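Trainee: My questions concern the predicted model and sequence given below.
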Amino acid sequence: MRKSLLRLEGLTKAYPGVVANDDVSFDIGEGQIHALLGENGAGKSTLVKMIYGLVKPDAGQMTLRDQPFAPAQPSDARRKGVAMVFQHFSLFDAMDVAENVALGMENPPPLRDLARRIRDVSEAYGLPLDPTRLVGELSAGERQRVEIVRCLLQDPKLLIMDEPTSVLTPQEVDILFRTLRKLSSEGTAILYISHKLEEIRALCDEATILRGGRKIATCDPREKSARELAELMVGQVLHPPERPARPMGDVVLSVDKLSLHSNNPFGTSLKDISFSLRAGEVLGIAGVAGNGQDELLLMLSGELQAPSAQVRLKGQPVGHLGPNARRKRGLVSAPEERLGHAAAPDMSLTSNALLSASERKGLASRGFIDWPATEVFARDIIARFDVRTPGPHVLARALSGGNLQKFVIGREIELDPDVIVVNQPTWGVDAAAAATIRQALLDLAGKGAGVLVISQDLDELLEIADSFAALNEGRLTPVRPARGLDVEEIGLMMGGAHDMHVAQEASA
Amino acid sequence: MIRLEKRKEPSKFWRIANPFLAVVLTMLAGGVMFAMLGKDPIVAIRLIFFDPIFSETFGSYSRPQLLIKSAPLILIAVGLAIGFKANVWNIGAEGQYIIGALFGAGVALAFFPAPGAHIFPLMVLAGALGGFLWAMIPAILKTRFNTNEILVSLLLVYVAERILAAMALGLMRNPDIAGFPGSRDLRRYEAAHNAELFAGTGIHWGVVAALIAVIFAYAMMTRHMLGFHIQLAGQAPRAARFGGVAPARLVVICLGIAGALAGLAGMFEVSGPGGQVRIEFASGYGFTAIIVAFLGRLNPFGIVLAGLLLGLTYIGGELGQMMLQLPGAAIQVFQGMLLFFLLALDFQTNYRLRLTKGVRA
Amino acid sequence: MILGSINPAVLMAALMVAATPILLAAIGELVVEKAGVLNLGVEGMMIMGACVGFIIAVNTGSPFIGFIGAALGGIALSLLFALLTQALMTNQVASGLALTLFGLGLTALLGQQYVGITPPRTPKLDLGPLSDIPFLGRALFTHDIVVYLTIALVGAVWWFLKYSRAGMILRAVGENHDAAHALGYHVKRVRVLAIMFGGACAGLGGAYLSLIRVPQWTEGMTVGAGWIALALVVFASWRPWRAMAGAYLFGGIVVLQLNLQAAGVRIPVEYLSMSPYLITILVLVIISSGKGRGLNAPGSLNKPFHASS
């Protein structure tokens, strides 16, 4: 048994209407890689925010090396040796790497010395970084390195990592794991938050499983099968979606050698994209975040316009058409960002039903809205896709991620499209909702629609896709049949390890 | 410790209650202000808010004034509110009001002294066109060059004021009276006069136009896709593009409607209550209308109430100047406070105050 | 020849004076916007400074105390804005407008007994032999101290934003307030301080108008200077030295226009006096037609921040 580094006892935190953490206790040992496992909404984020001093617990206490530990703010936690790598929201695009690192440190040295130390540490751990580059121009993997280096420069005793692999290719994941094992062997404990079971079994010494805010178990993940861990995490046995055998029809959507500038200054331009999608086919497009997924969706939905003939829907050129004209012709889409893009947060579900359905459902005549019919449509979606909500008058932002996602995807499926394009359909969604959504997409394909799924979740794509391609720096690989592909090959399609020449040379 | 907590849904109660509460608080704070100026606060508040309507002495004069002052405020505010809903911030209605008046008066002066029933309708069209064109400057600069419409529309107010002065002193000056700035009095030119439609009520064509605008705006915002798109663009611009809204088109529409309505207001004013193109013609309706739009919750019917209230403060302010020698600027302060109180109270609509045990928020 | 009657050294000197009030207001607003807050109440805070500074200077006989009072007046109004937007989460655009409308009204009330009075004179700074240098002496070294302090302030703000840790934190808060919060920085505290600095600068700019440049108090005397200062911040792409260049350019146009009026050019005064506004619009168009982030706008500008955790 290792000596305990951080002990949590009875941590409880309630928000109005929800208990995020209920009497959670466990120990993290010195130098241990400890997994915190749970699905979305299980209370992982709240728990680590308490450890990092961003949230104050309602009850319970923590001890760090036998001393009471109650950080009032992140700087307290950092001073006492707790560092955190965030999944989102802690980098500043318009500032350079050195400044970003300095902002996360308590007493940063002058920037010139800091730049040198960043180079030293980043190379020692195989995480090459140029301190003078603007963070907004970095790839997702490089951005994560900035966060990690920021933590390492403070010699943390405990490093918290929140879903670190969601932005990495399989090859980059290997490199990250090597770094983490090295840190662990040097005595740094790691609290590793994830919902990816295989990863945890490969990396972690111990795992604590949260469900609905409560601790379910603490166990050695290497002694459990992925299936057992999944049942502990979800609380029920989930069946993989059924894939009805279906004939492939004609090509319904094709894109031909399309290059397109991003409308976002830190976005990724599309370069020479070609693919075709057949009726009944599920085409999965993998890739690490920020490699052109948003742009690809916008280009297909019609929010970004392209040369007319380079995008064809059932043979007809549609590149120049806007979103509503494409919907009218049978092409619908669901973007990644639910709140603010696929749905208006401060509008009711009825209004949000109208958002994309007015044309195909005939909800407006001569521009005048048929509100009663719109409400009926919203109720249909709610009923058919099991959206848990008091009714269609509720604001979109009041729904949980999974329920809103079911509503958004359901809305598009109800439009009975010939082609549907979705980006990250189950991102941040609980397992049950994710299963519902995947099944619904497969059913739609079964009815003869072409389905294009852009996702960063490889497991998801391998589960539902018939054919497979990957986006890498705005380029799309050739499409290959999904059957028989292994993770290594997929990783190489996704670009292998980005910008790792230095590290590879070092390890070679 | 007190903290704000976002409500799951905005409170309908506070949305409606806050404007009333803001008026009450403004009266209280205004009373304090009057007391500091050495006036009896109760008398002053009564003079401003009650006497214009209920007093036997002034009522017969000031009751019709209420509609005369409120109509342009309502007309302008209805247009502004549509833009504000879409996050299109036209704050240069004063300029559009002036240019509308100049266009309207220009048509009248061009026809002078010919009679004809076509002259007034032409003036109406010209007034709307003038305001529309002036509003198209920020609209086109915004859509073509991404120039901030707040700054451009506002800066154009100063330009419009100088054009007004140049017109009053030059091109439109009354040639029959040497040495005095200002145009002919349109009230004495029957074909161009925006006269009272019913004697003693203050109802002129501008009041009718305001009423029509309110009804149209309400129908558009609640029943028509255009209104839906305007709200969508204001609340969630990316969702709006997903919904097929072309942002540039919306900017042009919002500024165009607001400009045309402000231009109409200016035209009805110059051909009626204002009477002539003068350097001092612009009286700040375009700015007060911003307050009216917010106080009316950007809702056309709310704007009617808010417009009447602020119209009342103008008349009450004049009474106060006459009877109590209250400074004219006091009314401006009053209007500013009203907006402040409203904005401050509005946190209750979206947030809930909560007492927490914890030390940190 | 009309232009021949204009002395370039005098023009240069007048230009620096004309530029100072808007430069003061702009440099303050630049810091506010760098912190991610859009305060459209600059005009209101400026007129507040003009009025309060004037009243205090007249009553104390000291322009220096007047300037301090003006800064405090600007801060007082800016705190109202801070209360609304930071504590009560109101819309920044509407709150800024309210500030301007309220400031214009309040000062008209406060200042009504001060119309037509001459304020105590602010002495020129005696720079000795420097002011005897031909041309440059007249153009650059014959001003009051505020002109020079303003230039020093621009330099200080530039250094603060670029090299100091506090400045880096301020930029971080303006660039991404969620990230800054996650790292434990006090977003609202930083913003309130920035807003107060903006208020003080706008107040000083206003007082420069009423105590030195005009020098007199009249109702609404800022006539859009605050709005021009806002435009200047955009023109400067949020860079202090460019704000100064912009202010001097603008000052040059104002002075030239006044000189043309005085020289009796056959264009009506009304049209000449439009030119500062038209040129501001023109410059805004040129600068904003550049694409996207090239503009260097702070990432969280005008977005409300409410810590949910």
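Mentor: Received the coordinates, thanks. Numbering: from 1, shown residues only, chains lettered A, B, ... in the order given.
Trainee: burial count for residue 107?
Mentor: Looking at chain A here, since you left the chain open. When neighbours are counted by other C-beta atoms under 10 Å in any protein chain shown, A:N107 registers 8. All C-beta atoms are positioned from the backbone trio N, CA, C, and that covers glycine.
Trainee: that answer is for a different chain, and I need it for chain B
Mentor: 24.
Trainee: quick one: which helix or strand includes it?
Mentor: If you go by DSSP states H and E, B:V107 is part of helix B:93-111.
Trainee: residues in the stretch 101-250 of chain B within reach of chain C, list them.
Mentor: B:141, B:144-148, B:150-152, B:154-159, B:162-163, B:165-166, B:169-170 (C-beta under 8 Å from any C-beta of the partner chain).
Trainee: could you list every residue that touches the residue lying closest to C:Y148 once chain neighbours are set aside?
Mentor: Spatial nearest neighbour of C:Y148, excluding adjacent residues (C-beta to C-beta, 6 or more residues apart in numbering or on different chains): C:L125 at 6.7 Å. Applying C-beta atoms under 8 Å, 6 or more residues apart in numbering or on different chains, we find C:L125 in contact with C:143-145, C:148.
Trainee: Please list only the buried members of these.
Mentor: Among the contacts of C:L125, those buried by neighbour count (16 or more other C-beta atoms under 10 Å in any protein chain shown) are C:143-144, C:148.
Trainee: okay, who's weakest in those residues by pLDDT?
Mentor: Lowest in pLDDT among the buried ones among the contacts of C:L125 is C:H143, which has 82.
Trainee: isn't that residue right next to C:A14, touching?
Mentor: No - under the criterion of C-beta atoms under 8 Å, C:H143 is not in contact with C:A14, lying 10.3 Å apart.
Trainee: how near is A:G496 to chain B?
Mentor: 32 Å (C-beta to the nearest C-beta, to the nearest Å).
Trainee: Isn't that residue up against A:L168?
Mentor: No - the criterion here is C-beta under 8 Å, and A:G496 misses it with A:L168 at 11.0 Å.
Trainee: Comparing these two, which residue is more hemmed in?
Mentor: Neighbour count, other C-beta under 10 Å: between A:G496 and A:L168, A:L168 has more, with 23 against 15.
Trainee: sec struct for the spatially closest residue to the more buried one that is not a sequence neighbour, please.
Mentor: Of all residues not flanking A:L168 in the chain, A:G141 sits nearest, at 5.5 Å (C-beta to C-beta, 6+ apart). The three-state label given to A:G141 by DSSP: H, G, I helix; E, B strand; the rest coil is helix.
Trainee: tally of neighbours for A:G141?
Mentor: So A:G141, with other C-beta under 10 Å, has 24 neighbours.
Trainee: how close does it get to C:N176?
Mentor: Per C-beta to C-beta, to the nearest Å, A:G141 is found 20 Å from C:N176.
Trainee: Point to the residue nearest the middle of chain A.
Mentor: The centre of chain A sits closest to A:W427, judged by C-alpha atoms, centre = their mean, with a distance of 5.0 Å.
Trainee: Kindly list the main-chain dihedrals of it?
Mentor: phi -70, psi 130 (degrees, to the nearest 10).
Trainee: measure it to A:Q405 for me?
Mentor: 8 Å.
Trainee: Roughly how far does A:A469 sit from A:P241?
Mentor: The gap separating A:A469 from A:P241 is 21 Å, by C-beta to C-beta.
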